[in-house]
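Trainee: sequence and predicted structure below; questions after.
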Amino acid sequence: MGLLESVNSPIDLKNVPVAKLPQLAQEVREFLIDSVSRTGGHIGPSLGVVELTIALHYVYNSPIDKIVWDVGHQAYTHKLLTGRKNEFTTLRKYGGISGFPHITESPHDAVTAGHASTSISAALGLAKARDLRKKDGEVVAVIGDGSLTGGLAFEGLNNLGHSKTRMCVILNDNEMAIANNVGALSKYLTKIITDKKYNALKAGVWNKLEHGNLGKKIQSTIQKLSRSAKQVITPGRLFEDLGLRYIGPVDGHNFEELLPVLRYAHEQNSAPLLIHVLTQKGKGYAHAETDKEKFHGLGAFDKETGETISASGCSWSSVFGSKLMDLAEKDEKIVAITAAMPDGTGLSDFSEKFPERFFDVGIAEGHAATFAAGLALNGIKPVVALYSSFLQRAFDQIIHDVALDNLHVVFAIDRAGLVGADGATHHGAFDLSFLRCVPNAVILTPATAADLRFMLEYALNDLKCPVFIRYPRGIAPESSALIDKFEEIAEVKSGKNVCIMAAGHFLQTALSVAELLETRKVSTSVVSVKQIKPLNKELYSAIFKKFDYIVLCEENSVTGGYCSAVLEISEDLLTEKKIAKAPKFIRVAYPDCFVGQGSVSELAADLNMSAEQVAEKIITAVKG
């Protein structure tokens, strides 16, 4: 029997001899590769922190001690060691365990996470609450070098250093340049820093120097010399200046280095610590070590070859990226901006073709928006490509820095709507709701690849304001229709009884609904809604007068999205006496709640948004 079979909790883990921990790490890697190859998931990040996770749970006492994972996409080993090993066949599936930490899933998941740079702030809150309530327990935040590019991480570090709260930050560094100062001297310094006798002697001498002017002068001189030495021989000056004690770099795959440092961190009661741990993303799986971008997160794959099965056709992201390159060929003012997602947003080819006009700002969506505002102010045409769920993080900058001055910035909003297995933290369910209130904004929703190509050109060449183009994850349906002018709405099927107004990509479902309704003798018109804001009252007035039943469909929360916009103008038209009565509206949208994980089709059925369910809802309303 292997070691992993007997480890179902952190208590079981502590019974494994230290000498056998490398064997356990190997078994964990084999388990993760085998399991995630079937379910898909974030295999690369999780393989990189196997030893670190084992060491953390070996030293700390979860859940009394709180381990906070930044993003959480590297927490698969954590899940394995905390009682969820037998549920890994359900990872990221409908009704299964999440691909991220979730407080409702296990008491060992201290914080629900899916976005980057949140761990230090959340951990500081946990630590402060512990102190206020006079409770026991340590708090550890594990943050990657990528997440450290986010401004929120530095806000947390600044507050942590200022507050002097007892907690530990582990910087999981698999990429940053600050990792270059690795060597015997750094390791030697770390050994000295964590030595109990050294620290006791240092504290005794330091306390004696407190008395008298000469002693204080000696203290000041020592502090200056210490800072100067650390600046030369260790990469931790930034963290020391923020008020954190820096330890490292430490080899994140070596238990002989990890365990003493973590034991020291667990036992110390002084100022906050930052432990700098060096790891290799994808460690132990050659395909993940070689192609870090691909194996950061992916669907099911062949574990022997590393190959994935991809759907046929062009994705919305690739359609966007290809068209933007075509437009950039003709207009040197066009630039592209992304927040650490060049591949996911379809901009990898753009970055290679126009390197001087491509900007990856790191995990800093707010900065991306304000940076784009500065570019626009000086005559550049910036296109900011972000996932819908990450766009939320730039809301203030969109209002204050872009929209307030009516700047010509184009936002390409990828992954709008349901994204599937990544679940609630990644669904693009709210962008229409929070963007509709932004003055000066134009919001566009393509239904086909042709729509997206035309809208991008239209947004860059014909509009001079903030523009938001939202489109989903997956394959973009093609259309043979030649688009030579922009239409806010376009009738794609004519009928008499019911009008289905489908925003963007939901058009495909709406057409299926219309087919089902026709078999039930309900003549159905289908309208493709291509603009969410502003809405043309005259166009909608004509539709309201023509139909008794109007079905409003969107891939967004029912609260504040397209459905709400149409109901609002219906009220306005009634008040202005432009229509005699309002039609009966049937709304099809996400409910006012967070949607879980699963395939898009499973989630649509769960939300009563499949073609069959929508058709039945309409039949019930029309025929009673």
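Mentor: Good, I have the coordinates. Predicted model, so just to flag it, every value in this text is computed and none were measured.
Trainee: how long is stretch 485-505 end to end?
Mentor: 19 Å (C-alpha to C-alpha, to the nearest Å).
Trainee: could you list the low-pLDDT ranges of the stretch 151-300 of the chain?
Mentor: 176-235 (pLDDT under 70).
Trainee: show me where it has helices.
Mentor: With DSSP state H, counting those that start in this stretch, the ranges of helices along the stretch 151-300 of the chain come out as 151-163, 184-193, 196-209, 213-233, 237-241, 255-267, 286-290.
Trainee: please apply the same query to the stretch 301-450 of the chain.
Mentor: 316-330, 348-353, 365-377, 388-391, 395-397, 431-435, 449-461.
Trainee: take those and write them to CSV, including mean neighbour count.
Mentor: C-beta here means a position set from N, CA and C on the backbone, and glycine is covered the same way. Output for the helices of the stretch 301-450 of the chain, formatted as CSV (neighbours: other C-beta atoms under 10 Å):
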stretch, mean neighbour count
helix 316-330, 19
helix 348-353, 16
helix 365-377, 22
helix 388-391, 25
helix 395-397, 16
helix 431-435, 24
helix 449-461, 21
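Trainee: okay, those in TSV with mean pLDDT and distance to residue 121 next?
Mentor: Formatted as TSV, the helices of the stretch 301-450 of the chain follow (pLDDT from 0 to 100; distance: least, C-beta to C-beta, whole Å):
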stretch	mean pLDDT	distance to residue 121
helix 316-330	98	30
helix 348-353	97	31
helix 365-377	97	15
helix 388-391	97	17
helix 395-397	97	17
helix 431-435	98	21
helix 449-461	97	35
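Trainee: residue 276: which of the ones you listed is closest?
Mentor: Evaluated over the helices of the stretch 301-450 of the chain, closeness to residue 276 peaks at helix 365-377, with 24.1 Å, by C-beta to C-beta.
Trainee: could I get the closest one in CSV with only the CA atoms?
Mentor: Extracted in CSV, the C-alpha atoms of helix 365-377 (Å, rounded to 0.1, in the frame of the first residue of the first chain):
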residue,chain,number,x,y,z
GLU,A,365,-7.0,45.0,-14.4
GLY,A,366,-7.5,48.4,-12.8
HIS,A,367,-4.1,49.6,-14.0
ALA,A,368,-4.9,48.2,-17.5
ALA,A,369,-8.0,50.5,-17.7
THR,A,370,-6.2,53.6,-16.4
PHE,A,371,-3.2,52.9,-18.6
ALA,A,372,-5.5,52.7,-21.6
ALA,A,373,-7.0,56.0,-20.6
GLY,A,374,-3.6,57.6,-20.7
LEU,A,375,-2.9,56.1,-24.1
ALA,A,376,-6.3,57.4,-25.4
LEU,A,377,-5.6,60.9,-24.1
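Trainee: what's next to that helix, contact-wise?
Mentor: 151, 335, 337-339, 359, 361, 382, 384, 386, 390-391, 393-394, 396-398, 401-402, 405, 407-409, 411 (C-beta atoms under 8 Å, 6 or more residues apart in numbering).
Trainee: ok, stretch 339-346 next?
Mentor: Under the contact criterion C-beta under 8 Å, 6+ apart, stretch 339-346 has outside partners 146, 149, 293, 315-322, 338, 348, 351, 358, 360-365, 368, 385-387, 390, 412, 414.
Trainee: quick check: which element contains residue 141?
Mentor: Using DSSP states H and E, residue 141 sits within strand 139-144.
Trainee: quick check: buried residues in that strand?
Mentor: For strand 139-144, the neighbour count (16 or more other C-beta atoms under 10 Å) marks 139-144 as buried.
Trainee: list the helices and strands that strand packs on?
Mentor: helix 50-59, strand 66-69, helix 119-132, strand 168-173 (3 or more C-beta pairs under 8 Å, 6 or more residues apart in numbering; DSSP states H and E).
Trainee: how about the residue nearest the centre of the chain: what's its closest non-neighbour residue?
Mentor: Centroid-nearest residue in the chain, with C-alpha atoms, centre = their mean: residue 115, separated by 4.0 Å. Distances taken as C-beta to C-beta, 6 or more residues apart in numbering put residue 425 closest to residue 115, at 6.2 Å, once the chain neighbours are dropped.
Trainee: now do residue 77
Mentor: residue 53 is the one closest to residue 77 (C-beta to C-beta, 6+ apart), at 4.0 Å.
Trainee: how many other residues sit next to that neighbour?
Mentor: Counted by other C-beta atoms under 10 Å, the residues lying close to residue 53 total 26.
Trainee: and residue 62, by the same measure?
Mentor: Neighbour tally, residue 62, other C-beta under 10 Å: 23.
Trainee: list the contacts of the residue nearest to it when sequence neighbours are not counted.
Mentor: Distance criterion C-beta to C-beta, 6+ apart; nearest residue to residue 62, sequence neighbours excluded, is residue 108 at 4.9 Å. Counting by C-beta under 8 Å, 6+ apart, residue 108 touches 10, 62-63, 67, 78, 82-83.
Trainee: now do residue 108, the pLDDT please.
Mentor: On pLDDT, residue 108 comes in at 96.
Trainee: returning to that earlier point: among the helices of the stretch 301-450 of the chain, which is nearest residue 238?
Mentor: Nearest to residue 238, of all those, is helix 365-377, at 18.3 Å by C-beta to C-beta.
Trainee: re earlier: please convert the buried residues of strand 139-144 to JSON lines, extending it with distance to residue 593.
Mentor: Converted to JSON lines, the buried residues of strand 139-144 look like this (distance: C-beta to C-beta, whole Å):
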{"residue": "139", "distance to residue 593": "30"}
{"residue": "140", "distance to residue 593": "32"}
{"residue": "141", "distance to residue 593": "29"}
{"residue": "142", "distance to residue 593": "30"}
{"residue": "143", "distance to residue 593": "29"}
{"residue": "144", "distance to residue 593": "30"}
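Trainee: go through those residues and name the one nearest residue 613.
Mentor: Nearest to residue 613 among the buried residues of strand 139-144, counting by C-beta to C-beta, is residue 144 at 40.8 Å.
Trainee: tabulate the helices and strands packed on strand 139-144 (a markdown table), appending distance to residue 533.
Mentor: A markdown table is the format used below for the helices and strands packed on strand 139-144 (distance: least, C-beta to C-beta, whole Å):
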| stretch | distance to residue 533 |
| --- | --- |
| helix 50-59 | 45 |
| strand 66-69 | 37 |
| helix 119-132 | 33 |
| strand 168-173 | 41 |
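Trainee: of the ones you listed, which is nearest residue 248?
Mentor: Judging the helices and strands packed on strand 139-144 by C-beta to C-beta, what sits closest to residue 248 is strand 168-173, at 7.6 Å.
Trainee: that closest one pairs with which strands?
Mentor: According to DSSP bridges, strand 168-173 forms sheet pairs with strand 139-144 (parallel), strand 273-278 (parallel).
Trainee: strands along the stretch 401-550 of the chain, start to end?
Mentor: Under the criterion DSSP state E, counting those that start in this stretch, the stretch 401-550 of the chain carries strands at the ranges 410-414, 442-444, 467-470, 489-493, 498-503, 524-529, 531-533, 549-557.
Trainee: give me the contacts around the third one.
Mentor: Right, strand 467-470. 388, 408-413, 416, 428, 431-432, 435, 441-446, 452, 455-456, 459, 504.
Trainee: with the first one instead?
Mentor: The contact list for strand 410-414, computed with C-beta under 8 Å, 6+ apart, reads 316-317, 320, 324, 344-346, 369, 381-388, 391, 398, 428, 431, 456, 459-460, 466-471, 473.
Trainee: give me the angle between that strand and helix 316-330.
Mentor: If you take axes from the mean of the first three to the mean of the last three C-alpha atoms, to 10 degrees, strand 410-414 sits at 160 degrees to helix 316-330.
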